Structure formats: structure tokens, C-alpha cells
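Need a 3D model of the following:
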Amino acid sequence: MIKYMIQLLFMSILLTVFACRKRSTDSALSPRIVIAEPGIGDTIDVSVNPELHIEFTASSDKGLHALEVIFVRNNTDTLLHENPSVMDLKAYPYHEHYLLSATSSIESYQLHIRAEDHDGAVSEEMVPIFAQP
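Sure thing, here's the model as predicted:
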């Protein structure tokens, strides 16, 4: 009986330690997202060059756990939603070319990048851009 009480006590302590694990909210410890392109508020002339160049690097000293890239038009249409495989990487360079469709008026787009590390710390970047005919 004492053996089971000791095991129960040990399991309770372990569960308490793991349940109370604090997630970091310190931005210095959060993953870093460094965006090369597009720049905030960039306007793309679709008639000259319909290609959007998306390039950034996500990194974390703790190791990346997840990465999400979402590209949305007019806050409603999801054009691109990717979750690249970044598990355990310290840095992940992302480079993608996306062809924008012809437009008859200026349209707004938003690039949303979310990176999470193994400690549960999260960083997000939002980049608004525009396309014109």
C-alpha cells in the first residue's frame, strides 16, 4: 500500500511540474521573422509584373515548432495557406513566387506569417500590400 502511495505522490508531483510549465511571452525569446519582401504597403502593378515575391526567414534559438504562411485578398479570400515543415530547425528560409490575377481596380492583400518555437513562444507579422491594374 505504501508503494502505491509513493507512486501516486511521485506522479502527482510530475503532473504538477509539467502542468505549471510557463510559456515565454518575452519578445526577446520569441521566434524571429525577418521579411525581405514584400515591404509593408508595397503596390504591385499587375500589368507590368503580376508576380509577388514572398521572402523571409523565421528562426529561433529554441528550435522552430510550426510555421504558418497565409496570403489573403480583400480580407476574405485565402489565396495561399502553407505550413512548411520546420520541426526542430533553428532557421527556415522561405522563398515563394505567387502570380496575382488581373484586376480592374486596386485590391488589398495581406500576408500573415506566424512562427512558434518549442517553448510555445509565438511571433506574428502582418504585411499589407496592394495590387493595381
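
Look up the closest residue to Pro133, ignoring the ones flanking it.
Here the nearest residue to Pro133 in space, its sequence neighbours aside, is Thr103; by C-beta to C-beta, 6 or more residues apart in numbering that works out to 5.3 Å. C-beta here means a position set from N, CA and C on the backbone, and glycine is covered the same way.

thought that neighbour was touching Tyr109?
No. In this structure Thr103 lies outside contact range of Tyr109 using C-beta atoms under 8 Å: 10.4 Å.

quick one: common contacting residues for the two?
Ala131 (C-beta atoms under 8 Å, 6 or more residues apart in numbering).

Look at those two and report which has more neighbours.
Applying other C-beta atoms under 10 Å to Thr103 and Tyr109 shows that Tyr109 carries more neighbours, namely 22 against 16.

Next, please give the residue ranges for the strands of this structure.
Defined through DSSP state E, the strands belonging to the chain, from first to last, are 32-37, 43-45, 51-59, 64-73, 77-82, 91-99, 107-117, 122-132.

for the record, mean pLDDT for the shortest one?
Model confidence over strand 43-45 averages 91 on the pLDDT scale.

and what of the third one?
Confidence over strand 51-59 (mean pLDDT, whole number) is 95.

orientation of it relative to strand 107-117 in degrees?
Going by axes from the mean of the first three to the mean of the last three C-alpha atoms, to 10 degrees, strand 51-59 is angled at 20 degrees with respect to strand 107-117.

and Tyr92, how many neighbours does it have?
When neighbours are counted by other C-beta under 10 Å, Tyr92 registers 18.

surely it meets Glu68?
No. Contact criterion C-beta under 8 Å: Tyr92 and Glu68 do not qualify, at 11.9 Å.

re the thing from before, residues contacting the residue nearest to Pro133?
Contacts of Thr103 were listed using C-beta under 8 Å, 6+ apart, and they are Val46, Ala131, Gln132, Pro133.

Much appreciated, bye for now.
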